[in-house]
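Asker: The amino acid sequence is not available; the structure is as follows:
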Ligand code: LMR
């Protein structure tokens, strides 16, 4: 029967990872996959995670199953991290998932369970895997304008005009912060307008927040998500610990279902548990346990927050350096947006052909839509990139 299977299109980000590995040039630069790298090009285990891991090794006595939603302490700690006191815990159902992608997948699955013909509005562009999972689940997507190719900021008027077409029974996928792939983000005033639109249309928001702490700070990056969660009747939030805790391979994420009506929590929790059971049964626990330990131990939490802040500031300073170098090489301010963007990514806004020339002629790897991972740079490679960008004619 497997003869019916066809070759599937390769995931562009993962394909790029492989191409980079296979490139023999020693001066190649990887600005592809969204993984944080320090100045030495390494992705270290964060200090607080390492300490928690040591403690866990000493203290852990069993590896038996947790609950279907994972350890409730993880759900509580993550709900507090993402939502703080914006919403009462009595209004939040939560389930651990394998990574943020697992949470996104479960969230889409839940939308479909609730409404088999649900339409999901997605920003144009969005993380390619959003589209791929939606397609896999047979869910209709409706793109909404997001990126202004001129300013490289958010096309907010276009976004609002497109989202005004959403109705009750539709879902709107929003990036909580650090928009992937563009790096262009909503201001808090714009989030307020989005909330008003959500209330007017009755559409259900689903927020993907995968980079909390990488943009303007842990609290600032969650402000939009908190505003939505505290204002609308119901929403879904998919959060990832891969980047802000640096535990990519541990696959640690969470899906939260928030309802203003606390009496709905039991059904929402049951649905999340059911979805976990159907898709993979019990969620992975190791990363979730480390995150819980870090978030609930004041010393570990302070250590983690400090290191995360170092990471954030190092990316910000690379952004500023890159904008300055681009100004120097191009003799113009047209790349000023690089310093305005936030998070790991910036979209240069150029053609796949020029992105390919960066790769073939300069050994610089970025995703074909001209998304570059700022954290793939260091102080030495920033001028090399800036010169190459101007040289190929971007
Ligand atoms: C990315 O966008 O590069 C990351 O989220 C990694 C991935 O899985 O695509």
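Answerer: Received, thanks. These numbers were taken from a predicted model, which means no experiment stands behind them.
Asker: Now the stretch 151-300 of the chain against the ligand: closest residue?
Answerer: Across the stretch 151-300 of the chain, the shortest distance to the ligand (C-beta to the nearest ligand atom) belongs to residue 180, at 5.3 Å. All C-beta spots, glycine's among them, are computed from the backbone N, C-alpha and C.
Asker: isn't that residue right up against residue 343?
Answerer: Yes - taking C-beta atoms under 8 Å as the definition, residue 180 is a contact partner of residue 343 at 7.2 Å.
Asker: Quickly list what's touching both of those two.
Answerer: Jointly contacting residue 180 and residue 343 under the rule C-beta atoms under 8 Å, 6 or more residues apart in numbering are residue 211.
Asker: Please enumerate the strands of the stretch 151-300 of the chain.
Answerer: In the stretch 151-300 of the chain, the strands defined using DSSP state E, counting those that start in this stretch lie at 171-175, 204-209, 234-240, 253-259.
Asker: Please identify which of these is closest to residue 378.
Answerer: Closest to residue 378 of the strands of the stretch 151-300 of the chain, according to C-beta to C-beta: strand 234-240, at 24.6 Å.
Asker: Who are the contact partners of whichever residue of the chain sits closest to the ligand?
Answerer: Closest residue of the chain to the ligand, C-beta to the nearest ligand atom: residue 34 (3.1 Å). For residue 34, the contact set (C-beta under 8 Å, 6+ apart) comprises 13, 180, 243, 344-345, 373.
Asker: same thing with residue 179?
Answerer: So residue 179 contacts 123, 146, 185, 343, 345 (C-beta under 8 Å, 6+ apart).
Asker: do residue 369 as well
Answerer: With the criterion set at C-beta under 8 Å, 6+ apart, residue 369 makes contact with 125, 181, 347, 352, 355.
Asker: for residue 71, same thing?
Answerer: Residues counted as contacts of residue 71 (C-beta under 8 Å, 6+ apart) are 96, 285, 288-289, 292.
Asker: Throw the residues you listed into a markdown table and include pLDDT, thanks.
Answerer: Output for those, formatted as a markdown table (pLDDT from 0 to 100):
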| residue | pLDDT |
| --- | --- |
| 96 | 98 |
| 285 | 98 |
| 288 | 98 |
| 289 | 98 |
| 292 | 98 |
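Asker: could the strands of the stretch 151-300 of the chain be laid out in a markdown table, adding mean pLDDT and mean neighbour count?
Answerer: Below are the strands of the stretch 151-300 of the chain laid out as a markdown table (pLDDT from 0 to 100; neighbours: other C-beta atoms under 10 Å):
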| stretch | mean pLDDT | mean neighbour count |
| --- | --- | --- |
| strand 171-175 | 99 | 26 |
| strand 204-209 | 98 | 24 |
| strand 234-240 | 99 | 25 |
| strand 253-259 | 98 | 27 |
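Asker: what would these look like in TSV with distance to the ligand?
Answerer: Below are the strands of the stretch 151-300 of the chain laid out as TSV (distance: least, C-beta to the nearest ligand atom, whole Å):
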stretch	distance to the ligand
strand 171-175	11
strand 204-209	10
strand 234-240	8
strand 253-259	11
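Asker: need those strands in CSV with distance to residue 163, can you?
Answerer: Converted to CSV, the strands of the stretch 151-300 of the chain look like this (distance: least, C-beta to C-beta, whole Å):
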stretch, distance to residue 163
strand 171-175, 6
strand 204-209, 10
strand 234-240, 15
strand 253-259, 20
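Asker: Ok, which of those comes nearest residue 79?
Answerer: Comparing the strands of the stretch 151-300 of the chain by C-beta to C-beta, strand 253-259 comes nearest, at 6.3 Å.
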